[in-house]
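Colleague: starting from these lines, generate the structure:
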Amino acid sequence: QVQVVESGGGLVQAGGSLRLSCSASGSIFNINVMGWYRQAPGKQRELVATISSSGTTNTNYADSVKGRFTISRDNTVSLQMNSLKPEDTAVYYCNAKGLHYCSGFGCSGLAAFNSWGQGTQVTVSS
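Modeller: Residues are numbered from 1 along each chain as shown. Just a heads-up that it's a prediction; the model follows:
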């Protein structure tokens, strides 16, 4: 099993900054992609930013956050959010995809995983 845990978030005024962090743990063989998604009340979950680590590191951002948010990765994945706007208010979720060591009934060797954190609230006041 793979667990994903987020930290950071909170309440900030418009124009301010916040930093989110995320780590994955468990029986991980490798992680191919980690990313941040968000879900505002009454809306579907949407991609914010992703970062890959297979070979060349590639990043991908939603148009709405380009130039304001930066995703980075070392031992954890961080999302630096600058120039925050009220429309950035949402629950932010970290996601990790890769391969993990699988054991148990019907599963051995390596298997793909797609794990989500519990979410962290970001609120931007106007």
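
Colleague: now Gly26. Nearest residue, chain neighbours left out?
Modeller: Taking CB to CB, 6 or more residues apart in numbering, and ignoring the residues beside it in sequence, Gly26 has Val2 as its nearest neighbour in space, at 4.1 Å. For the C-beta atoms, the positions are set from N, CA and C on the backbone; glycine is no exception.

Colleague: need the three-state assignment for the residue sitting furthest away from the middle of the chain.
Modeller: Relative to the average C-alpha location in the chain, and by CA atoms, centre = their mean, no residue lies farther out than Phe105, which sits at 30.4 Å. Following DSSP: H, G, I helix; E, B strand; the rest coil, we place Phe105 in the coil state.

Colleague: start at 214 instead
Modeller: Okay, using 214 as the starting number, the last item reads as Phe318.

Colleague: do you know the pLDDT at it?
Modeller: pLDDT recorded at Phe318 is 77.

Colleague: re the thing from before, close enough to count as contact, the residue nearest to Gly239 and Ser328?
Modeller: Yes: because the distance of 4.4 Å satisfies CB atoms under 8 Å, Val215 is recorded as touching Ser328.

Colleague: for Cys320, give me phi and psi.
Modeller: Backbone geometry at Cys320, expressed as degrees, to the nearest 10, gives phi -150, psi 130.

Colleague: how far away is it from Ile244?
Modeller: Note on Cys320: its distance to Ile244, by CB to CB, to the nearest Å, is 19 Å.

Colleague: over to Gln214?
Modeller: From Gln214 over to Ile244 the distance is 14 Å, taken as CB to CB.

Colleague: look at those two and report which has more neighbours.
Modeller: In this comparison of Gln214 against Ile244, neighbours counted by other CB atoms under 10 Å, the higher total goes to Ile244 at 20 against 12.

Colleague: ok, and the closest non-adjacent residue to the more buried one?
Modeller: Using CB to CB, 6+ apart, the closest residue to Ile244 is Gly311 (3.9 Å).

Colleague: Arg281 now?
Modeller: Computed as CB to CB, 6+ apart, the closest residue to Arg281 that is not its neighbour in sequence is Ser296, at 4.6 Å.
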